[in-house]
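S.K.: structure for this input, please:
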Amino acid sequence: MRVLIRGAGVAGLTLAHELARQGVAVTITDIRADAAGGASWLAGGMLAPWCERESAEAPVLTLGRVAADWWDSALPGPPPRHVTRNGTLVVAPARDVGELARFAARTGGHDWLDSAGVAALEPDLAGRFQRGLFFPGEAHLDPRRALVALRHRLVAMGVKVHFGSETVFRADVEADCTGMAAQDAALRGVRGEMLILHAPDVTLSRPVRLLHPRIPLYIVPRADQRFMVGATMIESDDPGPISARSMMELLNAAYSLHPGFGEAKIVETGVGIRPAYADNLPRVTRTQRGVRVNGLYRHGFLLSPAMARQAAAMILSVEVPVC
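M.R.: Predicted structure coming up:
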């Protein structure tokens with residue numbers, strides 16, 4: 001069987017891996033010149049199914065719990081490994097401490113921390129927060145590093161990857177993983193804005209979520225004292241530059257987490273349009289030519305492994321339960 005996958009974002013690459021490991025001949029095409037710039041490239045990379053359950057439906061937890069193990073298996077190799085299993089820390093300013101109880105009531109898999117517990121996990125936050133929630137089963141990765149590594153692994157497995165190409169390749173089945181470019185009237189765009197900061201005065205070992213009534217913030221550590229700060233969720237498919245208001249809110253929230261972010265350098269700003277269905281849950285659907293995987297919303301790296309397994313099973317006509 002020959003399968004053509006349109007779209008080299010996280011949905012297309014994870015599906016290619018599921019098919020290639022079962023001996024299917026796979027070709028991936030993407031009209032972009034390279035991987036940069038897509039929604040996957042701008043993702044936070046949090047593998048946080050319990051935290052996401054706070055504002056998402058139950059399938060996000062059910063499907064997302066396999067993500068960390070899947071990425072570990074798909075990207076083997078010597079240290080440093082791609083998946084960092086340090087959990088997630090959730091905190092709130094003193095004026096918003098009630099938000100922690102609300103967050104805890106809507107989630108599971110967490111431990112309550114006092115000020116000493118927060119400091120033990122993240123010494124740089126010592127004395128700054130009186131209470132916190134720790135989700136020990138969660139993990140994170142660097143999306144860009146993971147995408148590049150997965151593409152290289154796929155090539156080593158015999159998958160052909162073509163960027164900047166609209167060439168038609170002969171295939172028995174086509175898989176549409178093109179996100180917002182798909183011809184799917186049910187999709188809507190959700191704009192997400194983010195920053196990457198270089199903050200030599202701040203050290204964090206895990207993603208930290210700062211609860212705020214208006215714009216909940218997450219900060220994800222990356223290599224070389226860089227931090228991804230995000231992200232807004234705006235009901236818009238406008239791909240234009242980040243707004244001044246969003247940048248100020250993200251920076252103010254980062255500064256309220258740790259004053260060291262006040263001296264940080266803004267390395268990059270980014271805007272990604274996330275494809276979403278009305279229920280904010282992803283779908284694998286049959287099409288005339290094969291299948292479509294779409295609607296990953298803000299859960300690309302978290303849910304793409306489970307959706308890839310469903311799509312591969314559909315392509316190979318193997319029945320699997322849909323959670």
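S.K.: which residues does residue 281 contact?
M.R.: 57, 59, 60, 295, 297 (CB atoms under 8 Å, 6 or more residues apart in numbering). For the C-beta atoms, the positions are set from N, CA and C on the backbone; glycine is no exception.
S.K.: pull out the buried residues from stretch 237-247.
M.R.: Under the neighbour-count criterion of 16 or more other CB atoms under 10 Å, stretch 237-247 has 242, 246, 247 buried.
S.K.: and the contacts of residue 281 as CSV, adding neighbour count and pLDDT?
M.R.: Below are the contacts of residue 281 laid out as CSV (neighbours: other CB atoms under 10 Å; pLDDT from 0 to 100):
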residue, neighbour count, pLDDT
57, 12, 95
59, 18, 96
60, 27, 97
295, 27, 98
297, 24, 96
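S.K.: among the residues you listed, which are located in helices?
M.R.: The helices, defined by DSSP state H, take in 59, 60 from the contacts of residue 281.
S.K.: export the contacts of residue 281 to TSV and tack on distance to residue 28?
M.R.: Below are these laid out as TSV (distance: CB to CB, whole Å):
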residue	distance to residue 28
57	30
59	26
60	26
295	20
297	22
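S.K.: nearest to residue 158, of the contacts of residue 281?
M.R.: Nearest to residue 158 among the contacts of residue 281 is residue 295, at 29.2 Å by CB to CB.
S.K.: returning to what we had before: next step: the buried residues of stretch 237-247 restricted to helices.
M.R.: 246, 247.
S.K.: for the buried residues of stretch 237-247, which one is nearest residue 81?
M.R.: residue 242 (31.6 Å).
S.K.: please name the residues that touch the closest one.
M.R.: With CB under 8 Å, 6+ apart, residue 242 has these contacts: 193, 195, 269, 270, 271.
S.K.: tell me the one among these nearest to residue 72.
M.R.: For these, the minimum distance to residue 72 (CB to CB) is 26.5 Å, reached by residue 270.
S.K.: for the closest one, phi and psi?
M.R.: Residue 270 adopts backbone torsions of phi -150, psi 150, taken as degrees, to the nearest 10.
S.K.: same check, this time on residue 149
M.R.: For residue 149, the backbone dihedrals (degrees, to the nearest 10) come out as phi -60, psi -40.
S.K.: circling back: quick one: the contacts of residue 242 as TSV, columns for distance to residue 120, secondary structure and neighbour count too.
M.R.: TSV is the format used below for the contacts of residue 242 (distance: CB to CB, whole Å; DSSP: H, G, I helix; E, B strand; the rest coil; neighbours: other CB atoms under 10 Å):
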residue	distance to residue 120	secondary structure	neighbour count
193	33	strand	23
195	28	strand	23
269	33	strand	16
270	33	strand	20
271	37	strand	22
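S.K.: among the residues you listed, which pair sits farthest apart?
M.R.: Maximum pairwise distance among the contacts of residue 242 (CB to CB): 10.8 Å, between 195 and 271.
S.K.: can you map out the helices along the protein?
M.R.: Counting by DSSP H, the helices of the chain are 10-20, 49-52, 58-64, 67-74, 98-105, 115-121, 143-156, 244-257, 300-315.
S.K.: so which of the ones you listed is nearest residue 228?
M.R.: For residue 228, the closest of the helices of the chain is helix 143-156, at 8.6 Å, according to CB to CB.
S.K.: what angle separates the closest one from helix 10-20?
M.R.: Computed by axes from the mean of the first three to the mean of the last three CA atoms, to 10 degrees, the angle separating helix 143-156 from helix 10-20 equals 30 degrees.
S.K.: how about residues contacting helix 143-156?
M.R.: Outside helix 143-156, the residues within contact range by CB under 8 Å, 6+ apart are 8-10, 13-14, 16-17, 20, 26, 28, 35, 40-45, 71, 74-75, 77, 82, 161, 301.
S.K.: model confidence over it, on average?
M.R.: What helix 143-156 shows for mean pLDDT is 96.
S.K.: give the buried residues for it.
M.R.: Neighbour counts over helix 143-156 (16+ other CB under 10 Å) mark 143, 144, 146, 147, 149, 150, 151, 153, 154 as buried.
S.K.: cool, and stretch 248-258?
M.R.: Under the neighbour-count criterion of 16+ other CB under 10 Å, stretch 248-258 has 249, 250, 251, 253, 254, 257, 258 buried.
S.K.: hang on, the earlier thing: in JSON lines: the buried residues of stretch 237-247, plus distance to residue 98.
M.R.: Shown next, in JSON lines, are the buried residues of stretch 237-247 (distance: CB to CB, whole Å):
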{"residue": "242", "distance to residue 98": "30"}
{"residue": "246", "distance to residue 98": "25"}
{"residue": "247", "distance to residue 98": "27"}
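S.K.: noted, bye for now.
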